[in-house]
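Peer 1: just need the structure, nothing else, for what follows:
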Amino acid sequence: MTEETQGKTTVSPDVLTTIARLTALQVPGVSRLAPISGGVNRFFKRGANDGVRIETEDNIVYVDLHLVLQQDVNIREVSRNAQQQVARAIQEMVGMDVGRVDVHIEDIDYRDDEAQ
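Peer 2: Numbers count the residues shown, from 1 in each chain. The predicted model follows:
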């Protein structure tokens, strides 16, 4: 093959979901991802329980993250960090543009000893 040989690379939505999920879990203050219930996701088995919904249109990625945060964190700061880090990871790893990353805070994990 020569350097001028061109081909096409296709990225599965599962890859985008995995990148978003693993990146979000590494953000300080994120405890875990919340399952996405009801709505359109009940018809799609893949990704419905991952806490991440990915849509692509015209090579632009749109991400919804459903997060459970740790207690005593700044929700706004953790949300911004999750948005920035997930967008950057997708852009750097697969070269696709990110239209938006919407963060949905579903719950806060409290320690058991304080909840009693």
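Peer 1: helices of the protein, start to end?
Peer 2: 13-25, 75-94, 112-115 (DSSP state H).
Peer 1: closest to residue 104 out of those helices?
Peer 2: Nearest to residue 104, of all these, is helix 75-94, at 9.3 Å by Cβ to Cβ. C-beta coordinates here come from the backbone N, C-alpha and C atoms, glycine included.
Peer 1: what residues does that closest one touch?
Peer 2: Contacts to helix 75-94, defined as Cβ atoms under 8 Å, 6 or more residues apart in numbering, come from residues 11, 15-16, 19-20, 23-24, 26-30, 61, 63, 65, 67, 69, 96-98, 101, 103, 105.
Peer 1: among the residues you listed, which are in strands?
Peer 2: Of the positions in the contacts of helix 75-94, 30, 61, 63, 65, 67, 69, 97-98, 101, 103, 105 sit in strands, assigned by DSSP state E.
Peer 1: would you list the buried entries among those?
Peer 2: When the ones in strands among the contacts of helix 75-94 are checked for burial by 16 or more other Cβ atoms under 10 Å, the buried set is 30, 61, 63, 65, 67, 69, 98, 101, 103, 105.
Peer 1: how far away is the nearest residue to residue 98 once chain neighbours are set aside from residue 63?
Peer 2: Leaving out its chain neighbours, the residue that sits closest to residue 98 by Cβ to Cβ, 6 or more residues apart in numbering is residue 87, at 4.2 Å. Distance, residue 87 to residue 63, by Cβ to Cβ, to the nearest Å: 8 Å.
Peer 1: quick check: neighbours shared by these two?
Peer 2: Contacts common to residue 87 and residue 63, judged by Cβ under 8 Å, 6+ apart, are 98, 101.
Peer 1: hmm, which two among the ones in strands among the contacts of helix 75-94 are most spread apart?
Peer 2: Comparing every pair within those by Cβ to Cβ identifies 69 and 97 as the most remote, at 27.4 Å.
Peer 1: where does this protein have its least confident helix or strand?
Peer 2: Of all helical and strand segments in the chain, the minimum by mean pLDDT, DSSP states H and E falls on helix 112-115, at a mean of 57.
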